[in-house]
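Enquirer: This is the structure alone, sequence omitted:
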């Protein structure tokens with residue numbers, strides 16, 4: 001699974017309409033409930 005920058009941006013921001021979804025996805029990755037997950041290094045440029 002490839003995570004897009006929108007997930008990380010919403011997760012980092014104080015308020016965002018995707019914040020709840022982004023948090024759920026990040027927590028699922030951290031807890032191993034999702035298949036192997038990757039993010040492009042290009043995300044650093046986008047953030």
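Expert: Yes, it's here. A quick note: this is a predicted structure, and the numbers were derived from the prediction, not measured.
Enquirer: CA atoms for contacts and neighbours, from now on please.
Expert: Will do.
Enquirer: same for the worst-scoring helix or strand of the chain on mean pLDDT, what does it pack against?
Expert: For the chain, using mean pLDDT, DSSP states H and E, the weakest element among its helices and strands is helix 43-46, scoring a mean of 88. The helices and strands touching helix 43-46, judged by 3 or more CA pairs under 8 Å, 6 or more residues apart in numbering; DSSP states H and E, number zero.
Enquirer: for residue 14, phi and psi?
Expert: When quoted as degrees, to the nearest 10, the phi and psi of residue 14 stand at phi -70, psi -40.
Enquirer: Buried ones in the least confident helix or strand of the chain, by neighbour count?
Expert: Using 16 or more other CA atoms under 10 Å as the test for burial, helix 43-46 gives no buried residues.
Enquirer: likewise stretch 33-43?
Expert: With burial defined by 16+ other CA under 10 Å, not one residue of stretch 33-43 is counted as buried.
Enquirer: could you pull out the strands for the chain?
Expert: Secondary structure of the chain (DSSP state E): strands located at 2-3, 38-39.
Enquirer: between those, which gets nearest to residue 9?
Expert: With CA to CA, the closest approach to residue 9 among the strands of the chain belongs to strand 2-3: 11.1 Å.
Enquirer: Paired strands for the closest one, with orientation please.
Expert: Strand 2-3 pairs in its sheet with strand 38-39 (parallel), by DSSP bridges.
Enquirer: got the contact list for the partner strand?
Expert: By CA atoms under 8 Å, 6 or more residues apart in numbering, the residues outside strand 38-39 that reach it are 1, 2, 3, 4.
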